[in-house]
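1. Predicted model and sequence below, questions to follow.
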Amino acid sequence: AQSVAQPEDQVNVAEGNPLTVKCTYSVSGNPYLFWYVQYPNRGLQFLLKYITGDNLVKGSYGFEAEFNKSQTSFHLKKPSALVSDSALYFCAVRMGSNFNKFYFGSGTKLNVKP
Amino acid sequence: DGGITQSPKYLFRKEGQNVTLSCEQNLNHDAMYWYRQDPGQGLRLIYYSQIVNDFQKGDIAEGYSVSREKKESFPLTVTSAQKNPTAFYLCASSSPGTGGTDTQYFGPGTRLTVL
């Protein structure tokens, strides 16, 4: 089955340290991959996407993600975490016969402690 | 401002009632979506519409209905047939673009609670 997985329910990191939020995917064909962030009681905000080209994608708020085709992964990274980065992060893959369906991972809660 | 609006922000439903959640977008997007979010389960697709007067069931359509009479609007009705409707509902829109490269944008959500 085609899907996207976030293996960690929660990630804890100290402010100033690098952070990684993991995502793996299982799709046929070339994946279109996305990362979103959600703050409490809010909608999802787009961070970045991978469509094609350079495997390292840079996005909003200093986040970046690395597409690794051999490991079928699209991990979200940031060199130096901020307390304000604490939120729920979702990985998503766009698929379907005409690419109009998105499938989301279960989400990873990021806790950045001062 | 361009974007997606959802109303109301909070909604309370009594057992056996139908309720309608509003979603409006002024992004000129062709496709619109409804998701349900439950704790620990991520987002699950209820319905989506690629064009006016057309919509398709998602993964959990039972107990829900939609209409798409205008490009800007995609209301979701939660019927009494939905046995566990308490959840956070998110509306989104996107423009298919070339090969599906365009991004999906989300509204602020409606939290529905059954009393």
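-> Happy to help now that I have it.

2. Quick one: list the elements packing against the helix or strand bottoming out on mean pLDDT in chain A.
-> Within chain A, no helix or strand scores below strand A:101-104, which has a mean of 84 by mean pLDDT, DSSP states H and E. Other elements packing on strand A:101-104 under the criterion 3 or more C-beta pairs under 8 Å, 6 or more residues apart in numbering or on different chains; DSSP states H and E are strand A:3-5, strand A:87-95, strand B:43-51. All C-beta spots, glycine's among them, are computed from the backbone N, C-alpha and C.

3. from those strands, which stretch is densest packed?
-> Mean neighbour count (mean count of other C-beta atoms under 10 Å in any protein chain shown) peaks for strand A:87-95 among these, with a mean of 23.

4. who in chain A is up against chain B?
-> Within reach of chain B by C-beta under 8 Å from any C-beta of the partner chain, chain A has these residues: A:9, A:32, A:34, A:36, A:41-46, A:49, A:51, A:90, A:92, A:94, A:96, A:98-107.

5. picking up where we left off before, what element comes up after the least confident helix or strand of chain A heading to the C-terminus?
-> Under the assignment DSSP states H and E, the closest C-terminal helix or strand after strand A:101-104 is strand A:108-113.

6. now the strands for chain B?
-> Listed in chain order, the strands of chain B (DSSP state E) span B:4-7, B:10-13, B:19-25, B:31-37, B:43-51, B:54-57, B:64-66, B:76-78, B:87-94, B:104-106, B:110-114.

7. The longest one to strand B:87-94, inter-axis angle?
-> If I follow you right, that is strand B:43-51. 40 degrees (axes from the mean of the first three to the mean of the last three C-alpha atoms, to 10 degrees).
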